[in-house]
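K.L.:
return atomic coordinates for the entry below.
(one chain, ligands or ions: 1)
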Amino acid sequence: MRKGKHIDPRPELPLFASSGSHELVAEGVTQTFLDEGGNEVWALDDFSLTVSGPEIVGIIGPSGCGKSTFLRLVVGLDEPLAGSISFDSENIAGPSASRSMVFQNANLFEWLTVEENIAFGLRATRTYDECKYKIPRLVRMMGLDGFERSYPPQISGGMTSRCALARSFVQNPALICFDEPLSALDAFTRAALQDEILAMQAIAHTSMILVTHDIEEAVYLCDRVVVMTPRPGRLQGELVIDLPHPRDRVSPEFVEKRRQLLAMLDGSTSAPPGA
Ligand SMILES: Nc1ncnc2c1ncn2[C@@H]1O[C@H](COP(=O)(O)OP(=O)(O)OP(=O)(O)O)[C@@H](O)[C@H]1O
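P.N.:
From the prediction side, this is the model:
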């Protein structure tokens, strides 16, 4: 057999092995910070959210209402001041390979190549040797062939996002948190990456939480969208997006969901906090 980077070295081993039956339960989550002047900033207040199974849940809300704060709590980078967050009935006490995050700026390590970035989580958890067969597959799935040995400054914004997406999937997470992952991309690349996310989710059965400011992106990708109030972030409302995939962005049903979300967001920004 001819050897080369396009040959799958371990075709018998699974790339993803999620049962898709996971559950995140956040109840009454409250978080505060101290600003530079030592004043208390009330970021989240009594915020609750449940994400069950392989669904994509969008979170939208005014700037500063605590969306990123919530994602950091879910992936275990911070602890809530009050309330609880559990994943598969276990209290979240820190980061775990079962919950990954894709940041707005991709956060690739500039001193590592594309394939080393994708492999980073495997090395960190000492599972590289048994799981390195995934790297060429993820490279191919994400259209990064030929750029495996490139460094982040040498690749385009779209490739950077693809690399971050591949990295988020490498440890077979049950839940991925996306914090405005596509906001820096042009409309064409963004639309392509939205389809990549849907394709990966269909294969991996991953639960996803997507923070976005883009109403159309929320309607295109999500099974339901929660709308938050201005800071301190609370639940303002929720909209189920029960349109079949692939979604047609100009269909009357799609446009109507977009209108409903916009109306909810308008209500969120015009209502006084706590109303
Ligand atoms: N580490 C921190 N120290 C101090 N204040 C913080 C910290 N992290 C967040 N905040 C504050 O908490 C509030 C919520 O921030 P967060 O980033 O979660 O909002 P967001 O909804 O994600 O905003 P955006 O949509 O603009 O990204 C903001 O007022 C922010 O300044």
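K.L.:
any weak-confidence spans in the stretch 1-150 of the chain?
P.N.:
Within the stretch 1-150 of the chain, the ranges that satisfy pLDDT under 70 run 1-14, 17-20.
K.L.:
what does it put close to the ligand?
P.N.:
For the stretch 1-150 of the chain, the residues in contact with the ligand (C-beta under 6 Å from any ligand atom) are Phe33, Asp35, Val41, Ala43, Gly61, Ser63, Gly64, Cys65, Gly66, Lys67, Ser68, Thr69. All C-beta spots, glycine's among them, are computed from the backbone N, C-alpha and C.
K.L.:
which ones among these are found in helices?
P.N.:
Lys67, Ser68, Thr69 (DSSP state H).
K.L.:
in TSV: the residues you listed, plus neighbour count and distance to Val57.
P.N.:
What follows is those, written out as TSV (neighbours: other C-beta atoms under 10 Å; distance: C-beta to C-beta, whole Å):
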residue	neighbour count	distance to Val57
Lys67	25	12
Ser68	18	15
Thr69	24	16
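K.L.:
hang on, the earlier thing: drop anything exposed from the residues of the stretch 1-150 of the chain next to the ligand.
P.N.:
The neighbour count (16 or more other C-beta atoms under 10 Å) marks Ala43, Gly61, Cys65, Gly66, Lys67, Ser68, Thr69 as buried among those.
K.L.:
wait, doesn't the second one sit right on Val225?
P.N.:
No: using C-beta atoms under 8 Å, Gly61 is not in contact with Val225; the gap is 10.2 Å.
K.L.:
can you map out the helices along the protein?
P.N.:
Secondary structure of the chain (DSSP H): helices at 67-74, 114-124, 128-131, 134-141, 157-169, 187-204, 215-221, 252-270.
K.L.:
would you turn those helices into CSV with distance to Ala106?
P.N.:
Formatted as CSV, the helices of the chain follow (distance: least, C-beta to C-beta, whole Å):
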stretch, distance to Ala106
helix 67-74, 15
helix 114-124, 9
helix 128-131, 21
helix 134-141, 15
helix 157-169, 4
helix 187-204, 11
helix 215-221, 17
helix 252-270, 26
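K.L.:
which one of those helices lies nearest to Asn107?
P.N.:
Closest to Asn107 of the helices of the chain is helix 157-169 (C-beta to C-beta; 7.1 Å).
K.L.:
buried residues, the closest one. List them.
P.N.:
Buried residues in helix 157-169, counted by 16+ other C-beta under 10 Å: Gly158, Met159, Thr160, Ser161, Arg162, Cys163, Ala164, Leu165, Ala166, Arg167, Ser168, Phe169.
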